[in-house]
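Asks: Fold the stuff below for me.
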Amino acid sequence: MKKIALNQLKPKDSSKKNKKRVGRGIASGTGKTAGRGHKGQKSRSGGKIQVGFEGGQMPLQRRLPKVGFTSPKNIFSTELKYDRLATIKEDKIDMELLKKYKLIKKNIKKVKIIGPCTIKVKKSFKDISCTKLVEDYSKSTNNVKKK
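Replies: Just a heads-up that it's a prediction; the model follows:
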């Protein structure tokens, strides 16, 4: 059997198709107008129509109402599962500690600890709100005053 080397590999002849060359005479089949048809914006160079353009009619994306809203509160507040606190060795947890362990981003100002509580270690919180389930489970909490 003949050995195959990387420099001797060649594609199958039927798999390599030559690129169609347009605008190369009438006999080529794609000469003169080069498959663009006669006249009009699409036949000109640079004659592209923007996505969503409907010939002057009010486009669909502008006819439909705007949907959704991103609250600016979401940028500065987040929820954190109680089980994620297993990585922290300390019992007393505050915002700075969560940022130190990279459980929350630096710009976060409010955190809420949510259940379920599957880890055995009980933690206490300072200036962090939590759900009733977590509150009952943890040692003691010093919650943020609810408005």
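
Asks: Let me know the pLDDT of the residue nearest the centre of the chain.
Replies: For the chain, the residue nearest the mean C-alpha position is Thr70 (15.2 Å; CA atoms, centre = their mean). Listed pLDDT for Thr70 reads 82.

Asks: Could you measure from it over to Val111?
Replies: From Thr70 over to Val111 the distance is 19 Å, taken as CB to CB, to the nearest Å. No exception for glycine: its C-beta is placed from N, CA and C like everyone else's.

Asks: And the helices in the chain, which stretches?
Replies: With helices called from DSSP state H, the chain shows them at 60-63, 73-76, 95-100, 132-137.

Asks: sorry, back to before: roughly how far apart are the residue nearest to the centre of the chain and Leu64?
Replies: Counting by CB to CB, the gap from Thr70 to Leu64 is 19 Å.

Asks: Low-confidence bits of the protein, can you list those?
Replies: Scanning the chain for pLDDT under 70 picks out 139-147.

Asks: hmm, try it at 80
Replies: By pLDDT under 80, the weakly predicted segments of the chain are 1, 73, 138-147.

Asks: Do a quick rundown of the strands in it.
Replies: 77-81, 92-93, 110-114, 124-126, 129-130, 141-142 (DSSP state E).

Asks: Would you mind putting those into TSV with distance to Leu103 and mean neighbour count alongside?
Replies: Converted to TSV, the strands of the chain look like this (distance: least, CB to CB, whole Å; neighbours: other CB atoms under 10 Å):
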stretch	distance to Leu103	mean neighbour count
strand 77-81	6	16
strand 92-93	10	18
strand 110-114	9	19
strand 124-126	13	18
strand 129-130	14	21
strand 141-142	18	14
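
Asks: Can you add distance to Gln41 and give the ones you listed back as TSV?
Replies: Listed next are the strands of the chain as TSV, based on distance: least, CB to CB, whole Å:
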stretch	distance to Gln41
strand 77-81	50
strand 92-93	64
strand 110-114	54
strand 124-126	65
strand 129-130	60
strand 141-142	68
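
Asks: Lys12: which of those is closest?
Replies: Between Lys12 and the strands of the chain, the shortest gap by CB to CB is with strand 77-81, which sits at 55.2 Å.

Asks: what's next to stretch 25-42, contact-wise?
Replies: Lys20, Arg21, Val22, Gly23, Arg24, Ser43, Gly47, Ile49 (CB atoms under 8 Å, 6 or more residues apart in numbering).
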